[in-house]
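S.K.: Here is a sequence together with a model predicted from it:
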2 protein chains.
Amino acid sequence: MTADDSLPSDPVPDRASGRASRGPDRAHVTLQDVAKEAGVSLATASRVLNGTAQVRADLRARVLATAGELAYTPNAHAQALASSSSKAIGVICHDVSDPYFAAIARGVMRTAADHELLVMLASTFRDPAREIEYIAMLRAQRARAILLIGSGFEDRDWERSMGAELEPYQRAGGRVAVVSRHRSLRVDTVLPQNREGAAALARALLDLGHRDFGVLTGPRELTTVSDRFAGFADTLADAGVPLRADRVAESGFTRDGGYAAATELIQRGDLPSCVFAVTDVMAIGALAAFRDSGVDVPGELSLAGFDDIPIVRDLTPPLTTVSLPLDLMGERVMQLAVREPAPKRSRVERIEGKVVLRSSTAAPHPSHAK
Amino acid sequence: MTADDSLPSDPVPDRASGRASRGPDRAHVTLQDVAKEAGVSLATASRVLNGTAQVRADLRARVLATAGELAYTPNAHAQALASSSSKAIGVICHDVSDPYFAAIARGVMRTAADHELLVMLASTFRDPAREIEYIAMLRAQRARAILLIGSGFEDRDWERSMGAELEPYQRAGGRVAVVSRHRSLRVDTVLPQNREGAAALARALLDLGHRDFGVLTGPRELTTVSDRFAGFADTLADAGVPLRADRVAESGFTRDGGYAAATELIQRGDLPSCVFAVTDVMAIGALAAFRDSGVDVPGELSLAGFDDIPIVRDLTPPLTTVSLPLDLMGERVMQLAVREPAPKRSRVERIEGKVVLRSSTAAPHPSHAK
DNA sequence: GCGCATTCTGAAAGCGCTTTCTGATGTACC
DNA sequence: GGTACATCAGAAAGCGCTTTCAGAATGCGC
C-alpha cells in the first residue's frame, strides 16, 4: 500500500484563491450572516428557519433564499447550548462487530433515523472502565438518551460506579434505557427472557431424547450468561436429569471462546449427547471445534445456541437456537428512550425467545441410550 | 412481552425530595458553580480542568476537589462553541449489521478511542438522499471529520450533490476520508485494490483448471462492484477464457441478493464450473442457494467470494476469497482523518487483497473437461 | 530596600444560537 | 376618529465555556 498518491482531481471552485461566490471569508456561515444578507433581524431569521412563529411571507421567503444561497448550516452546538437540548443519543455496546449487537444496532439506527436523531456509538470491548468513561463523554455531550446494549455485570463495584455516573445524568433529565438485565439500575429495560428461553430450549432437547448435556458458557458474571445457564440447568434438574460439573466449560463470550470451550469438553474425554452454547456466536466456534475434531453434528452430538443471529441459518448444519427478534429489540429500546419517561417506576418490556429447531440437533446417538 | 413492569428498585438518594448533598438545584453543574464553590474565578477553574496554564497548587487542588464533589461534567456543546472544535467524528455506512462494515467499524472505533474521540454513526441503508442528509447533520454537529465507509456510486448526480455538501465542510476545515473509491471526491482514501484482487483471484481459479465461470454481482453503479467485476472479467479475457453474458447474474448487495443471483444461475440451466460472488456476503447467500438446490460445493461447482469477513472461515465449506484487512482499514481511515491534511492533494492508501484458497474451490468437475 | 521581569489570577468579551420582552404596525370595533 | 386588541419584528439577555488582556503578586538583582 502506498500513500501520498493522488486521486483524479477535479476543478473545485476557487478554493485557494478567493472563495465561492457569496460565502463569507469566515469558516462558517452563521445565522447572523443570513439575517444581515436578508435584511432581517437575527430573531426573525431564527424563527423562519425553525418555524417557531409566524413570519411575514416575503421576509420568510427572503430568509429561506439567502440561507440556501449561503449554504447555511446551523451550528448544532450553539443550538444545543441555547435551547439545552440535543439531537444526539448515545449507544454503548461491547463490540460493533459482534453480530448480536450489530443486529440490535440496526433496529436502533432505523428508529433513530425516524426521529431524526443522530447516534453516537461507543464500543467498550468489555472494559468496564471504558464503559464508565464513555458514559461521561456522552453526559458531556448532553446526549438526549443513553442506551446500554448488552449484558450487565453481576458485580457490586461496577453497579456502583455505573449508578454514580448514570444517576446525575438522569436527574438532569437524561434518559437511560438498556437491553438485558442490569441489576439495580433503575432504567427502562428491554428484557429478553433468557431464563425462560433457555428453559424452553432444555425442554425441547429433552423431548428429543437427550439425557446427557454439556454447556458452554461465557463469563459467569454476565447476567445474560447466568440467566441462561440457570434456566437451562434448572429445567434439567426439574426433569431429574443431572448436569455434571465436568460437562460445563467456561470461556470468552466470543467465537473463539466457543471454540476453546468446546475443545476443552472434547479433551475431557467422553462427550455428552447434546451441547448448549449460551450464545450463537459461541456455538459457531464450537461447531468449528467439533468439525476440526471430527465430531459429527448432529450425528454424534447435537448442538444448540441462543439468539438466532442471522448467520446461523447458513451454517452447516443450520443451528438450533432460541430466536430473539433482535432488530425489534433495537427498535424498542430506542422507543423507550424517546418516549416520555414513566413517572415513578422504570418500564420493562419483556421479549420472549422462541425455540427454533434446526438440523444441528437430532435424537441422541444410540450409543447414548440408557 | 409486557410493559410497565418494574425492576427491583433501589434506594436512589432523595431524587424527589431535596437533592444530593451538595449538587445545585439546576439541571447541570456548571463550571461557574465549581468556580464559586472553590472560591476562584471562572478562568482559573477552566485552566485547572484543561491544564491550559499553570495554576497555584492549592487553588488547583481546591478546584479539582470541588469538581469531583459536585460531579461536574463539562458541557461539550459550550466547549465546542467556545473553542470551535469538537471531539466527535462522523461515520457514514450503509448498514451496521453488514459484517463487512462491522469489521471496518471495529477498527474505526478502536482508533477513535485511542484519540479520545466519540463516533457518530449513521446507516444510510443505501439511500443516497439519506446519505446527503446525514452529512448535513454531521456538518451541523461540527464533526471534526466525516468518514464514508463503503462503495461510492458511479453516478454524476450523486457525485454532484455529495460534493456540494462536502466541499463547504472541507473549506471550513472539516476533514473527510473514505474507504473505497469515490470518483471525483477529492478526499483522503483507503483504497482496497478491488480490481487487482479480483484479477489475482481469477488467475488462481484459472490455475485450478477452471475455464467456465459465472459471476454474481451487485448493482453495477457501485464502484466496488464494477471494479471487482472488471478485474475478474479482464483477466479471464486476457487468458482467452470467455465469460458468457448468461453466466452473469446481478442482484442486491446482500446475502439474499446472493441467494437470488445464484438461484437465477441455477434456473438458467447448465452451470459453470466456478462462480465468483463479488462479496462474501453474497457468496454466503449463494452457498445456501446451491445447498438448497443440491449443488455440491466444491464437488460440482467451485465458489469464491471477496472480503474475507470473519464468518466465512466457519462456513461449510470454508470460503475461498480475497482477504482484506478490514479492521486495519478502519484504523487507517480513522488515522487519515485525524492526521494533518495533506497540503494540496489527497492521500490514497492502497490496500492489497490476498487470495486465500479454502475448500469452497477445487479443480473443476470432470464433466467440465474440454 | 527599590525597580523590574516574571508568574499567575480575574474580568470580560465573545462563540452562534434561542427566546423572552418590548415596541411597532395593523385591524376591528364602538 | 379613537381606543382596544392582535399580530409580528427587533433588541437583548442569556446558554456554559475558552481565551485575551490587564492587573496583582511574587521573585530577583543591585
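M.R.: Perfect, thanks for sending it. Computed from a predicted model, the values in this text were never measured in an experiment.

S.K.: Any idea what A:Ala304 is bridged to?
M.R.: Listed by DSSP bridges, the beta-bridge partners for A:Ala304 are A:Phe276, A:Thr320.

S.K.: check contacts around it.
M.R.: Counting by C-beta atoms under 8 Å, 6 or more residues apart in numbering or on different chains, A:Ala304 touches A:201, A:205, A:274-277, A:283, A:319-322, A:360-361. Every C-beta, even on glycine, is put in place using the N, C-alpha and C of the backbone.

S.K.: Mind pulling up the pLDDT for it?
M.R.: With respect to pLDDT, A:Ala304 scores 98.

S.K.: Count the residues that sit near A:Gly294.
M.R.: Burial of A:Gly294 is recorded as 8 neighbouring residues (other C-beta atoms under 10 Å in any protein chain shown).

S.K.: meant to ask about A:Phe290, not that
M.R.: Neighbours of A:Phe290 (other C-beta under 10 Å): 23.

S.K.: Just give the nearest non-adjacent residue to it, would you?
M.R.: Nearest residue to A:Phe290 in three dimensions, chain neighbours excluded: A:Val297, at 5.4 Å (C-beta to C-beta, 6 or more residues apart in numbering or on different chains).

S.K.: Looks to me like the one you found is in a helix.
M.R.: No - going by DSSP: H, G, I helix; E, B strand; the rest coil, the assignment for A:Val297 is coil, not a helix.

S.K.: who's in contact with it?
M.R.: A:Leu287, A:Phe290, A:Arg291, A:Leu303, A:Pro317, A:Ser360.

S.K.: Mark which of those are part of helices, please.
M.R.: A:Leu287, A:Phe290, A:Arg291 (DSSP state H).

S.K.: picking that back up, closest one to A:Gly90 out of the contacts of A:Ala304, please.
M.R.: Among the contacts of A:Ala304, A:Val322 lies closest to A:Gly90 (C-beta to C-beta), at 29.0 Å.

S.K.: my read: A:Asp327 touches A:Gly107, true?
M.R.: Yes - between A:Asp327 and A:Gly107 there is a contact at 4.0 Å, judged by C-beta atoms under 8 Å.

S.K.: Show me which of those two is the more surrounded one.
M.R.: A:Gly107 (22 against 18).

S.K.: The more buried one - nearest residue in space that isn't next to it in sequence?
M.R.: A:Gly330 (2.5 Å).

S.K.: From DNA strand C, how far off is the one you found?
M.R.: For A:Gly330, the distance to DNA strand C equals 30 Å [C-beta to the nearest atom of the strand, to the nearest Å].

S.K.: And the contacts of the strand or helix carrying that residue?
M.R.: Applying DSSP states H and E as the criterion places A:Gly330 in helix A:326-338. Helix A:326-338 is contacted by residues A:89, A:100, A:103-112, A:115, A:117, A:144-147, A:149, A:175-179, A:188-190, A:192, A:307-309, A:347, A:349, A:351 when judged by C-beta under 8 Å, 6+ apart.

S.K.: can you rerun that using 7 Å?
M.R.: If you take C-beta atoms under 7 Å, 6 or more residues apart in numbering or on different chains as the criterion, helix A:326-338 is touched by A:89, A:100, A:103-108, A:110-112, A:115, A:145, A:147, A:175, A:177, A:179, A:188, A:190, A:347, A:349, A:351.

S.K.: Next: stretch A:124-136.
M.R.: A:Ile92, A:His94, A:Asp95, A:Ala122, A:Ile146, A:Phe153, A:Trp158, A:Ser161, A:Met162, A:Glu165, A:Leu166, B:Thr73.

S.K.: repeat for stretch A:362-370
M.R.: A:Leu208, A:Gly209, A:His210, A:Arg211, A:Asp212, A:Ser273, A:Cys274, A:Pro298, A:Gly299, A:Glu300, A:Ser302.

S.K.: Give me the below-cutoff pLDDT ranges for chain A.
M.R.: Within chain A, the stretches with pLDDT under 70 are A:1-27, A:184, A:342-343, A:369-370.

S.K.: How are the helices of it distributed by residue range?
M.R.: A:31-38, A:42-50, A:57-69, A:76-83, A:99-114, A:128-140, A:156-171, A:194-207, A:223-238, A:255-267, A:280-292, A:326-338.

S.K.: Pull out the buried residues from the fourth one.
M.R.: When you say that, I think you mean helix A:76-83. Judged by neighbour count (16 or more other C-beta atoms under 10 Å in any protein chain shown), helix A:76-83 contains these buried residues: A:Ala76, A:His77, A:Ala78, A:Gln79, A:Ala80, A:Leu81.

S.K.: The last one too?
M.R.: Neighbour-count burial for helix A:326-338, with 16+ other C-beta under 10 Å as criterion, is recorded at A:Leu326, A:Asp327, A:Met329, A:Gly330, A:Glu331, A:Arg332, A:Val333, A:Met334, A:Gln335, A:Leu336, A:Ala337, A:Val338.

S.K.: ok, which pair from those is furthest apart?
M.R.: It's A:Leu326 and A:Val338 that sit farthest apart of those, by C-beta to C-beta, at 19.1 Å.

S.K.: State the distance from the residue nearest to A:Arg186 when sequence neighbours are not counted to A:Arg156.
M.R.: Excluding its sequence neighbours, the residue lying closest to A:Arg186 (C-beta to C-beta, 6+ apart) is A:Ser346, at 5.3 Å. For A:Ser346, the distance to A:Arg156 equals 20 Å [C-beta to C-beta, to the nearest Å].

S.K.: Give me the more crowded residue out of these two.
M.R.: Neighbours of A:Ser346 and A:Arg156, each counted by other C-beta under 10 Å, are more numerous for A:Ser346; the result is 20 against 10.

S.K.: Next, find the distance separating the more buried one from DNA strand D.
M.R.: Applying C-beta to the nearest atom of the strand, the value for A:Ser346 to DNA strand D is 26 Å.

S.K.: The helices of chain A: which one's closest to B:Ala45?
M.R.: Among those, helix A:128-140 comes nearest to B:Ala45, with 15.8 Å by C-beta to C-beta.

S.K.: list the buried ones in that closest one?
M.R.: For helix A:128-140, a neighbour-count test (16+ other C-beta under 10 Å) marks A:Glu131, A:Ile132, A:Glu133, A:Tyr134, A:Ile135, A:Met137, A:Leu138, A:Arg139, A:Ala140 as buried.
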